[in-house]
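*Asks:* this one's sequence-less:
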């Protein structure tokens, strides 16, 4: 019998006898399921956040802010500046003119629906071209606001997360009430956490005079970005920075996404160590239950390799089963789960959904297999060293 | 007590198995400690918020400014002891990654408002003499290697200077500390008068007020009086206790507590299974022996107690060591994390709860095997 056939024969034997030691095997399976579930669960938070931050991005869209400003929130641009920017060359045009929108970005206090506590909800004042700059923008319910009125439209995710943002309700802002007239989507991106209105109406409400915070514009083509950026930053009339919209959002998601990732991996690794101990325990039990059988096999002439392999294979099979259960449970329970957190760069809320993808599941499976391998290794080695005579004599 | 050596002998019988269980439990409690610290860091300040302090901000949002003239009007309200104000400066020191909060304040009322910040008297004097003077918390001072007398350049992001430049420079005149655990020692405070005359816009406007009330029980009442005072003015306010303000802020980050509880639940469940399984195994292997013990006169209760004590001993020792290690880890990481978590420590409440959990874990893991051992009939046991 060749080695491969030996491995299969012995492993089959090992797997078929699992029901005899069901209790401890189940423990291992559940333990590993727990580790994988926690790992995928925590990482899906970071993943979902990152996806949302990047979803609305378009490489041909550039953002202009005041030089030195880290975010729209900190920036400030005069009407004069926004006009010079809109007059620059390299910006796409359509039937209605230059695709450029000077915008205001502020926050408003609204209650978070699930906690009832105040949250900083982003409120954006836009110009008519804003809808052309964002090619995925779409009103999904109700209608667009009318220019020059106290009407607002609400991102689909914000409507789910914060109070008073249904069509027909209204929010108080200083002396005025603002009516919600529509709900919009933007390819699942960060704008869906925002409230939009006419910039010209928002300026007086926030005592902003005739100033804006950022200009969003669409370039004729994405590869003209560098030339366009140089043109603006070298213009002595302007003191601005130009950044691609995708880079701006990637930068903002960076810190939190990294933090969650590190946290998730650290927790998962620590838990894995515990799970490895559990697996070692289980596999030692398995080996000691099979001591006579293993000794018999060796007496029959089986080498230690198929015996070691059978222990490892059993352990990895248990781990894979655990990993699959863990992944499945997390996927059912957490994928698409809605949450909102604070984006520190803009000091405002981002609503997002937890996201589990193939890569995360694969990572979970790799972790499970590693736990199985590490957990099985020592007992496998021990099994291959069982002294034949003594083991056979044992009752 | 006289059974203690008996318990240890039993635990030492299968050394590998006991050590593995010991290590799994230890790791679970290291995780518990670390997550406790993370949770405390994310809900930072809730514990140290002053019950007698109110935060007063613009009603529509915190980014909108309030006139400094409100200082006078608020201090005239009955029940108000002291008023001070802050502005969010949001500057960058060398690199955006070097984040720490900077705020212009009015030194006298600020220090009066926050007695938990300890600043030597000569440094206080120096601050009052130096217009460009600033005080910084111990943690940030250590992080950037600042000493008293250093000149610190900070790039403005929100507040350009009158001359159009964004380079602000401050003289470090003091380094403050705190005896109160959980106090944020990363903040940088400089003088409002210098700020106000040097900024290019927004003169006379501040970010938010902090108000001390004479009687903490009347805090909510005073808060609503403040809001009523400014109702229907161009700058309406929202006043709330510092605790409520900090808590609402923490909640903005999402339901961290729920996530931490979910993770810890999964961890403890996993460990419970592993430990329970081990205990069960060791009881099954010793059935004959337990039968002998009963035969020579050990009562059912005593056998139950011995098996249970084994599991509780293992769990409390391992868990206690885990808690200790996590405490050491948290102490060690505290400084390197100060950019992300200004306050990073293991709260005493987490330690107390953790100690309780070690007991509980041992109890639950040992309960079934102990009960089985108690029910064991001598004849059945010896027949095996």
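*Replies:* Done, it's in. Keep in mind that what you see is a predicted model, and the values were worked out from it rather than measured.

*Asks:* just the helices in chain B please.
*Replies:* B:4-11, B:15-42, B:70-75, B:107-113, B:121-129, B:138-144, B:192-198, B:219-230, B:242-252, B:256-285, B:287-295, B:300-333, B:348-375, B:378-383 (DSSP state H).

*Asks:* in the fourth one, what counts as buried?
*Replies:* Under the neighbour-count criterion of 16 or more other Cβ atoms under 10 Å in any protein chain shown, helix B:107-113 has B:107, B:109-111, B:113 buried. Just so you know, the C-beta spots here come from the backbone N, C-alpha and C atoms, and that holds for glycine as well.

*Asks:* and for the first one?
*Replies:* Neighbour counts using 16+ other Cβ under 10 Å place B:7, B:10-11 of helix B:4-11 among the buried residues.

*Asks:* what lies in contact with stretch B:342-351?
*Replies:* B:32-33, B:36-37, B:40-41, B:44-45, B:47, B:100-101, B:139, B:181-187, B:323, B:326-327, B:330-331, B:333-334, B:337-338 (Cβ atoms under 8 Å, 6 or more residues apart in numbering or on different chains).

*Asks:* actually stretch A:81-91, not the one I wrote
*Replies:* A:64, A:77, A:98-100, A:102, A:212, A:215, A:217-220, A:224, A:227-228, A:231-232, A:235, A:237-238, A:240.

*Asks:* tell me which of those residues fall in helices.
*Replies:* The members of these that map onto helices under DSSP H are A:227-228, A:231-232.

*Asks:* which parts of the stretch 251-395 of chain A are strands?
*Replies:* With strands called from DSSP state E, counting those that start in this stretch, the stretch 251-395 of chain A shows them at A:338-343, A:348-353.

*Asks:* looking at these, which is buried most?
*Replies:* Stretch with highest mean neighbour count among these: strand A:348-353 (a mean of 25; mean count of other Cβ atoms under 10 Å in any protein chain shown).

*Asks:* run through the neighbouring helices and strands of that strand.
*Replies:* helix A:22-55, strand A:118-126, helix A:156-161, strand A:338-343 (3 or more Cβ pairs under 8 Å, 6 or more residues apart in numbering or on different chains; DSSP states H and E).

*Asks:* which helix in chain A runs the most residues?
*Replies:* helix A:245-289.

*Asks:* re earlier: redo the buried residues of helix B:107-113 as TSV? Include pLDDT.
*Replies:* As requested, these are exported to TSV (pLDDT from 0 to 100):
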residue	pLDDT
B:107	95
B:109	95
B:110	96
B:111	95
B:113	94
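
*Asks:* got a winner among the ones in helices among the contacts of stretch A:81-91 for most neighbours?
*Replies:* Counting neighbours by other Cβ atoms under 10 Å in any protein chain shown, the top entry in the ones in helices among the contacts of stretch A:81-91 is residue A:232, with 21 neighbours.

*Asks:* how about the contacts made by that one?
*Replies:* Contacts of residue A:232 (Cβ under 8 Å, 6+ apart): A:64, A:85, A:88, A:238, A:240, A:242.

*Asks:* what sits against the spatially closest residue to residue A:256 that is not a sequence neighbour?
*Replies:* Of all residues not flanking residue A:256 in the chain, residue A:49 sits nearest, at 6.1 Å (Cβ to Cβ, 6 or more residues apart in numbering or on different chains). Residue A:49 is in contact with A:253, A:256-257, A:260, A:341, A:350, A:352, counting by Cβ under 8 Å, 6+ apart.

*Asks:* could you do residue B:211 as well?
*Replies:* Contacts of residue B:211 (Cβ under 8 Å, 6+ apart): B:53-56, B:74, B:80, B:82-83, B:222, B:226, B:239.

*Asks:* and chain A, which of those contact it?
*Replies:* Residues of those in contact with chain A (Cβ under 8 Å from any Cβ of the partner chain): none.

*Asks:* including neighbour count and pLDDT, could those go into a markdown table?
*Replies:* Formatted as a markdown table, the contacts of residue B:211 follow (neighbours: other Cβ atoms under 10 Å in any protein chain shown; pLDDT from 0 to 100):
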| residue | neighbour count | pLDDT |
| --- | --- | --- |
| B:53 | 21 | 93 |
| B:54 | 25 | 94 |
| B:55 | 23 | 94 |
| B:56 | 23 | 95 |
| B:74 | 24 | 95 |
| B:80 | 18 | 95 |
| B:82 | 18 | 95 |
| B:83 | 23 | 96 |
| B:222 | 25 | 94 |
| B:226 | 25 | 95 |
| B:239 | 26 | 94 |
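
*Asks:* can you give me the distance of the nearest residue to residue B:292 once chain neighbours are set aside to residue B:374?
*Replies:* Nearest residue to residue B:292, sequence neighbours excluded (Cβ to Cβ, 6+ apart): residue B:382, at 7.2 Å. For residue B:382, the distance to residue B:374 (Cβ to Cβ, to the nearest Å) stands at 16 Å.

*Asks:* again with residue A:326
*Replies:* From residue A:326 to residue B:374 the distance is 35 Å (Cβ to Cβ).

*Asks:* got it, and residue B:351?
*Replies:* From residue B:351 to residue B:374 the distance is 33 Å (Cβ to Cβ).

*Asks:* up against chain B, what does the stretch 251-395 of chain A have?
*Replies:* So far as Cβ under 8 Å from any Cβ goes, the stretch 251-395 of chain A lies against chain B at A:255, A:259, A:263, A:266-267, A:270-271, A:273-275, A:277-278, A:280-282, A:284-285, A:339-342, A:347, A:349.

*Asks:* please apply the same query to the stretch 101-250 of chain A.
*Replies:* Checking the stretch 101-250 of chain A against chain B by Cβ under 8 Å from any Cβ, the hits are A:106-109, A:112, A:114-115, A:117-120, A:173-175, A:206-207.

*Asks:* quick check on those residues: which are buried?
*Replies:* By 16+ other Cβ under 10 Å, those give A:106-109, A:112, A:118-120, A:173-174, A:206 as buried.

*Asks:* and the least confident of those residues?
*Replies:* Across those, the bottom pLDDT score, 73, is held by residue A:174.

*Asks:* who are the neighbours in contact with it?
*Replies:* A:205, B:59-60, B:234, B:236.

*Asks:* domain-wise, how is the chain divided?
*Replies:* You didn't pick a chain, so chain A it is. A:3-54+A:252-393, A:61-220 (automatic domain parsing).

*Asks:* wait, I meant chain B there
*Replies:* Split by automatic domain parsing, chain B gives B:4-45+B:255-383, B:53-252.

*Asks:* not counting its neighbours along the chain, what's nearest residue A:316?
*Replies:* Nearest to residue A:316 is residue A:372, by Cβ to Cβ, 6+ apart, at 3.9 Å.

*Asks:* actually residue B:170, not the one I typed
*Replies:* residue B:134 is the one closest to residue B:170 (Cβ to Cβ, 6+ apart), at 4.0 Å.
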